[in-house]
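**Student:** no sequence on this one, just coordinates:
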């Protein structure tokens, strides 16, 4: 049963008092060596909801992740494409065990994790029909967990330190979320790739943003740079290349052209060259977003093709990032 199988790692966690990061490494090391299903059934898995919060927050996602890995093992790929998607999805689920809102400050592989997620999206969208069964597989695993929780099929105990909804169903949903973007696009009937090039301007990791956009359907133009760390080089590129969509941060370094001025100048360049200005802005700063709205109001009244998304983002917040990408793609279709 789960309690017995977790005993080795629980013993390590309880032998002495350590910093949370050290305990996280104990859990990650142990689960790197244990990918098998640990709970006999869903009722057995409720043991994680009996643990004290520090242990529960470290162990819940790995335990549920192993449950998913076991369930995924029953899927039999019918084509090379499905095998490729399955391999990518399994590797992402392996990492998801250690990357959640409890462990965000402890997990140190955000960029690689996001790269893996982008690759999965790209491959799934390259053949939506063959990819769909894998999305349905992930949904089916979560529905089994959610049904058991919300239909009252699991034992109710007085010693739970968290309710089963937050303790089992929500963590399970985060694994289903691995194919969320693909599923949402399919439901909207917009899985086809966009015949649109994109420029990304950001002083922090613009290459990651650009790759993410390409992975979900924007076109990469051979020989054309798609990401820029400052507005000066981006404006120069706009005068030479063809960029259908522009995504820019509003704060791109002291002493340089700011994001708001960049939007104004980029708008003029695109219009002069006969390209419809489609410009999206984002910021980590609410005040900067308000300033942009005030200064660019005339631009937004002039054309609906400029889309402004008021979303506070960090480069490692995948849910927010996915939502921004989804909104952009739905608007541009």
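**Tutor:** Nice, I can see it. What you are looking at is a predicted structure, and each value in this text was computed from that prediction instead of being measured.
**Student:** please identify the helix or strand for the residue lying closest to residue 178 once chain neighbours are set aside.
**Tutor:** Counting by C-beta to C-beta, 6 or more residues apart in numbering, residue 178 lies nearest to residue 92, which is 5.6 Å off, once chain neighbours are set aside. (Glycine included, C-beta is placed from N, CA and C.) Using DSSP states H and E, residue 92 sits in helix 80-96.
**Student:** state the distance from residue 80 to residue 170.
**Tutor:** Remark: distance between residue 80 and residue 170 (C-beta to C-beta, to the nearest Å) = 35 Å.
**Student:** er, residue 98 I mean
**Tutor:** From residue 98 to residue 170 the distance is 17 Å (C-beta to C-beta).
**Student:** who has more neighbours out of those two?
**Tutor:** The residue with more neighbours, out of residue 98 and residue 170 and counting by other C-beta atoms under 10 Å, is residue 98; that gives 22 against 19.
**Student:** can you classify the more buried one by secondary structure?
**Tutor:** coil (DSSP: H, G, I helix; E, B strand; the rest coil).
**Student:** surely it meets residue 60?
**Tutor:** No. If you go by C-beta atoms under 8 Å, residue 98 and residue 60 don't touch, sitting 11.6 Å apart.
**Student:** how's the chain carved up into domains?
**Tutor:** 2-187, 198-332 (automatic domain parsing).
**Student:** which of the ones you listed has the lowest mean pLDDT?
**Tutor:** Comparing these by mean pLDDT, the weakest confidence falls on domain 198-332, with a mean of 76.
**Student:** next one: that one to chain centre, how far?
**Tutor:** Counting by C-alpha atoms, centre = their mean, to the nearest Å, domain 198-332 is centred 19 Å from the centre of its parent chain.
**Student:** next: stretch 64-80.
**Tutor:** 20 Å.
**Student:** got it, and stretch 21-39?
**Tutor:** Chain-centre distance of stretch 21-39: 22 Å, with C-alpha atoms, centre = their mean.
**Student:** name the residues that touch it?
**Tutor:** Residues outside stretch 21-39 that contact it (C-beta atoms under 8 Å, 6 or more residues apart in numbering): 1-2, 5-6, 8-9, 12-13, 18, 45, 47, 54, 58-59, 62-63, 65-67, 69-70, 94, 97-98, 103, 106-107.
**Student:** buried set for stretch 224-243?
**Tutor:** By neighbour count on 16 or more other C-beta atoms under 10 Å, the buried set for stretch 224-243 is 226-231, 234-235, 237-238, 243.
**Student:** among those, which lie within helices?
**Tutor:** By the criterion of DSSP state H, membership of these in helices covers 231, 234-235, 237-238.
**Student:** for residue 64, see how far away residue 141 is.
**Tutor:** Residue 141 sits 10 Å away from residue 64, going by C-beta to C-beta.
**Student:** over to residue 14?
**Tutor:** Distance from residue 14 to residue 64, counting by C-beta to C-beta: 21 Å.
**Student:** settle it for me: which of these two has more neighbours?
**Tutor:** residue 64 (29 against 11).
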